[in-house]
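In: Build the 3D model from these lines:
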Amino acid sequence: MRHQVSLVVHPMHQALEAALVHYDADDKKRNVKGPKPNGYV
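Out: Numbers count the residues shown, from 1 in each chain. Below you'll find the predicted structure:
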C-alpha cells in the first residue's frame, strides 16, 4: 500500500516543485520591473 501511495505522491511533488520554481522565477522578473504595491504580500 505504501509503495502505491509513493508512486502517486512523488510525481505530484515533482510537479509542485516545478510550479514553485516557475512561480518564483516569474515573481523575480516582476520585481525587476518595479516595486510591489503596498499591501501586496
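In: State the number of residues packed around P11.
Out: 10 (other CB atoms under 10 Å). (Each C-beta comes from the backbone N, C-alpha and C, glycine too.)
In: now do V8
Out: Neighbour tally, V8, other CB under 10 Å: 9.
In: With D27 as the reference, measure out to it.
Out: Relative to D27, V8 is positioned 29 Å away (CB to CB, to the nearest Å).
In: Same check on Q14?
Out: Relative to D27, and taking CB to CB, Q14 is found at 20 Å.
In: likewise S6?
Out: Counting by CB to CB, the gap from S6 to D27 is 30 Å.
In: try M12
Out: For M12 relative to D27 (CB to CB), the value is 22 Å.
In: contacting residues for the residue nearest the centre of the chain?
Out: The centroid of the chain falls nearest to L20 when counting by CA atoms, centre = their mean (1.1 Å). Contacts of L20 were listed using CB atoms under 8 Å, 6 or more residues apart in numbering, and none were found.
In: Now name the helix or strand holding it.
Out: Take DSSP states H and E as the rule and L20 turns out to sit in helix 2-33.
In: Can you give me the buried ones in that helix?
Out: In terms of neighbour count (16 or more other CB atoms under 10 Å), helix 2-33 has no buried residues at all.
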